[in-house]
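> here is the input, now give the coordinates:
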Amino acid sequence: MKFNLEDLTVYFPYERMYPEQYTYMLELKHSLDAKGHCLLEMPTGTGKTVTLLSLITSYQLQHPEVGKLVYCTRTVPEMEKVLEEMQNLIRFRKEELGVDVPILALGLSSRKNMCIHEVVKEEGSRESVDARCRKLTASWVRERAVDNPQDFELCSFYEQYEQKGAEAILPPGVYTLEDLKNFGEEKGWCPYFLARHMISYANVIVYNYQYMLDPKVSQLVSKELERECVVVFDEAHNIDNVCIEALSVNLRQQTLDNASRSITRLRTKIDEAKATDAQRLADEYRRLVTGLAQQGAIPRGEEWLSNPALPRDILEEAVPGNIRRAEHFMAFLRRFVEHLKDRLNVQQFESENPTSFLDKLKDACQIDSKSLRFCYDRLQSLMKTLEIIDTDDYYGLQLVADFGTLVGTYARGFAIIIEPYDERLPSVPDPVIQLCCLDSSLAVRPVFEKFQSVVITSGTLSPIDLYPKILNFHPVVIQSLNMSLVRDCICPVILTKGADQMPVSSAFEMRNDPGVVRNYGKLLVDLSAVVPDGIVCFFVSYLYMDKIVSQWNDMGILRDIMQNKLVFIETQDVVETTLALDNYRRACDCGRGAIFFSVARGKVAEGIDFDRHYGRCVVMYGVPYQYTLSRVLRARLEYLRETFQISENDFLAFDAVRQAAQCVGRVIRSKADYGLMIFADRRYARPDKRDKLPGWITKHIQQGNLNLSEDLLIQVAQQFMRSMAQPFDNKSNEMLLG
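Okay, here's the model as predicted:
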């Protein structure tokens, strides 16, 4: 359909739209008009992606001064879904309305997901694919291959892409990762470097959060994007955690051992270079005197990750004299690594801020913060000078340099925590030095400052007023939308006690009580008898899931469940979990029915949809709090209290309930869908937990379902399933559509 939204002509690829989609577009347009940021919560299954794409691409059409749409997702499947919606939208605009404006939309992912070289793409990890790619594309390898082609292997796809030069372009269209790979194979060009090159010309770019938030990557990929771009963070309920991970570094004993070996290897290479090509090192020294920032662009194909500090925090001046010479820098790194090993050799937990850490470092090794600040850039410069290709072998040393640069750059918003063992396994020595970023606003601040419109959106952003505080920004629009329904297709209920009237909870003091375990098991046995097709159960942790399943097995509960439905379990192994999910779906498809045991904060909770018959009921066993004795969490809570005046209880409850909402939201993916949502813990009945759930869930919790025992819940489930079994009246749904 084509319609006017205030003064904007919007192209929407369906005949009708829901009221909340219209409201969402209106709020989004107000944000774009005001050239400001916005925070929008829209229920799952209401067409958020197509609404975003329709409004912003229509806005680009009418306002050519607006830059690219940069759409950030968390996973590759989400990226592909966005690009498929984009293909539908462009096809509709062209075929139905005759609007044939050339548009280029593409996805960008890592080399591992885009490589088409027969040998390189078979490498296991992302790091090894990157390193193998550099071995075939580095400028010095290609230069030497001209004289000795038999001694050096090159990538034919990269060579053909380079030969085409400026002519290597993508014609207008919408390209998924698979489309790019097919185009690359057809033309004989490298799809990864082609996509990187075409970012400058694209109207719509879809890529991972890291490409925008992690300074090591964003400085390479997103540096050239103009201020007028519209940046969207979709499924952004966990954006604060992504920001914190982008600026945090963990060092273990094996990492430091790897770093020591790397220093020895580099020292040998420096001696070889002195003997064979001393001029190279002399040129590098001269370059360092004038300053790293003035070196100019790095040739394509051999760039490492950029500086881990944020752009405005990088010193643009000459490298300190004590680390300019390669051999001096090696001695500097060795002293730093030895100091870290000494610090790692502790018997009890230690915590300090960067200033205190630097004081001890200066006393012990005469290393100052300014030299540390240049650590990462100086290492990259040396590795390029020595023409090192197998970068994955130097991963430990790069982490140490990353750690050094961040410690030397930031005095606030970070903590250094040294733990001799994991408190959950005190008998297993596992010392670790953690540089923990405590302030999620640090990583996202450059995005808010650089781009005029940033959209943060998800189905679960409640309580929405906490996000501007923890991300430290001022949105012009904050809105939480409700779901319009023709029938009550979601039925949230809170289970507070078993059929024996004994309270149920995963609280630490109750979780091992056999009565609670038995009541939780009986709930699932009875549900498996009345709920058709698939049931998904989420537990608060892998440890708790293992314990409770083991106890159910001993009590004979698992056997009773298996008489009604098959049981599949998520593990920490990706391959096993993928296989379990595949078999779970097959069991649902053939009518046998199945139950899937999963974990809140796990891969399944974050990225897998259980739509239609794959998820007719979801059970959230307990409140998924973070491990509250974690030193890192305690440091962050202290920082939030001191800096943003957010109390510990408020943040912990907010974090736990948003994870629970994310889990239960997996079962509703459209308005024709239906699902029973069970919050199985008495703590959800308290207003401080219940009020933090998204409005579109709390709106459907009936007063009588706030405090149910197990036997009453089964009656509610039977009634709900019976009413949902009636044919879906699509005409009523169409009346709801505008």
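> which parts of the stretch 1-150 of the chain are helices?
Secondary structure of the stretch 1-150 of the chain (DSSP state H, counting those that start in this stretch): helices located at 19-33, 48-62, 76-95, 111-114, 126-137, 139-147.
> now do the fifth one and helix 139-147, the angle between them.
Looking back up the chat, that one is helix 126-137. Inter-element angle recorded for helix 126-137 and helix 139-147: 40 degrees (by axes from the mean of the first three to the mean of the last three C-alpha atoms, to 10 degrees).
> how about the second one?
Angle of helix 48-62 versus helix 139-147, following the same axes, to 10 degrees, is 80 degrees.
> quick one: low-confidence parts of this structure?
Within the chain, the ranges that satisfy pLDDT under 70 run 290-306, 310-318, 424, 729-738.
> of all the helices of the stretch 1-150 of the chain, which one comes closest to Pro475?
helix 19-33 (7.7 Å; C-beta to C-beta). The way it works is simple: take the backbone N, C-alpha and C, and place the C-beta from them, glycine included.
> residues of the longest helix seen in the chain that come out buried?
Determined from DSSP state H, the single longest helix within the chain is helix 253-276. Neighbour-count burial for helix 253-276 flags 253, 255-256, 258-260, 262-263, 265-267, 269-270, 273 (criterion: 16 or more other C-beta atoms under 10 Å).
> out of these, which is nearest to Val516?
Gln253 (39.8 Å).
> isn't the closest one up against Arg343?
No: judged on C-beta atoms under 8 Å, Gln253 makes no contact with Arg343 at a distance of 11.5 Å.
> which residues touch the longest helix of the chain?
Helix 253-276 is contacted from outside by 280-281, 326-327, 330, 333-334, 337, 340-341, 344, 382-383, 385-386, 388, 393-397, 399-400, 431, using C-beta atoms under 8 Å, 6 or more residues apart in numbering.
> restricted to strands, list those residues.
Pro431 (DSSP state E).
> for PyMOL, what selects the buried ones among the contacts of helix 253-276?
To isolate the buried members of the contacts of helix 253-276 in PyMOL, using 16+ other C-beta under 10 Å:
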select buried, resi 281+326+330+333+334+337+340+341+344+382+383+385+386+388+393+394+395+396+397+399+400+431
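> distance check, the residue nearest to Val119 when sequence neighbours are not counted against Ser109.
Counting by C-beta to C-beta, 6 or more residues apart in numbering, Arg132 is the residue found nearest to Val119 once chain neighbours are left out, at 7.6 Å. From Arg132 across to Ser109, the span is 17 Å (C-beta to C-beta, to the nearest Å).
> check Asp7 too.
For Asp7, the distance to Ser109 - C-beta to C-beta - is 37 Å.
> looking at those two, which has the bigger crowd around it?
Legend: neighbour count by other C-beta atoms under 10 Å for Asp7 and Ser109, higher for Ser109 (20 against 8).
> residues contacting the more buried one?
So Ser109 contacts 76, 79, 177, 207-208 (C-beta under 8 Å, 6+ apart).
> what do you get for Gln501?
So Gln501 contacts Ser709 (C-beta under 8 Å, 6+ apart).
> wasn't it part of a strand?
No: applying DSSP: H, G, I helix; E, B strand; the rest coil, one finds Gln501 to be coil, outside a strand.
> quick one: it from Gly695, how far?
When Gln501 is compared with Gly695 (using C-beta to C-beta), they lie 31 Å apart.
> give me the neighbour count for Leu154.
Leu154: 17 surrounding residues under other C-beta under 10 Å.
> show me the contacts for Phe538.
Phe538 touches 598-600, 605, 618-621, 624, 660, 663-664, counting by C-beta under 8 Å, 6+ apart.
> equivalent analysis for Leu397, please.
Counted by C-beta under 8 Å, 6+ apart, Leu397 has contacts 258-259, 262-263, 266, 333, 379.
> at 10 Å what do you get?
With contact taken as C-beta atoms under 10 Å, 6 or more residues apart in numbering, Leu397 is in contact with 255-256, 258-263, 265-266, 333, 337, 379, 383, 391.
> surely Phe349 meets Pro426?
No: contact between Phe349 and Pro426 fails when scored by C-beta atoms under 10 Å: they sit 11.2 Å apart.
> mutual contacts of those two, please.
Pro420.
> quick one, which of these two is more surrounded?
Taking other C-beta under 10 Å, Phe349 and Pro426 do not tie; Phe349 has more neighbours (12 against 9).
> what's the neighbour count on Leu706?
Around Leu706 there are 15 residues (other C-beta under 10 Å).
> is it true that it touches His700?
No: Leu706 is beyond contact range of His700, at 11.9 Å (criterion: C-beta under 10 Å).
> can you work out which residues contact both of the two?
492-493.
> for Ala443, see how far away Ser369 is.
On the measure of C-beta to C-beta, Ser369 and Ala443 end up 21 Å apart.
> coming back round to it: pick the one among the contacts of Leu397 closest to Ser462.
Out of these, the member with the shortest distance to Ser462 (by C-beta to C-beta) is Thr255, at 38.8 Å.
> quick revisit: return the distance of the residue nearest to Val119 relative to Arg666.
37 Å.
> could you measure from Glu27 over to Thr51?
Relative to Thr51, and taking C-beta to C-beta, Glu27 is found at 11 Å.
> compare those two (neighbour count), which wins?
A direct count of neighbours by other C-beta under 10 Å for Glu27 and Thr51 places Thr51 higher, at 25 against 20.
> now do the contacts for that one.
Thr51 neighbours (C-beta under 10 Å, 6+ apart): 10, 12, 17-18, 20-25, 28, 40, 42, 85, 457.
> which of those sit farthest apart?
Among those, Thr23 and Glu85 lie farthest apart (C-beta to C-beta), at 19.5 Å.
> coming back round to it: need the residues touching each of Glu27 and Thr51.
Common neighbours of Glu27 and Thr51 (C-beta under 10 Å, 6+ apart) are 40, 42.
> which phi and psi does the residue nearest to Asp368 when sequence neighbours are not counted have?
Residue nearest to Asp368 in three dimensions, not counting chain neighbours: Lys362, with 5.9 Å by C-beta to C-beta, 6+ apart. Note on Lys362: its backbone torsions stand at phi -70, psi -40 [degrees, to the nearest 10].
> quick one: Lys362 from Phe336, how far?
On the measure of C-beta to C-beta, Lys362 and Phe336 end up 12 Å apart.
> anything in contact with each of Gln253 and Arg343?
The contact sets of Gln253 and Arg343 overlap at 431, 433 (C-beta under 10 Å, 6+ apart).
> rebuild the contacts of Ser109 as TSV, extending it with neighbour count.
Output for the contacts of Ser109, formatted as TSV (neighbours: other C-beta atoms under 10 Å):
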residue	neighbour count
Val76	17
Met79	23
Leu177	21
Tyr207	23
Asn208	23
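> need the residues you listed in CSV (columns: distance to Phe157).
As requested, those are exported to CSV (distance: C-beta to C-beta, whole Å):
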residue, distance to Phe157
Val76, 21
Met79, 22
Leu177, 15
Tyr207, 21
Asn208, 23
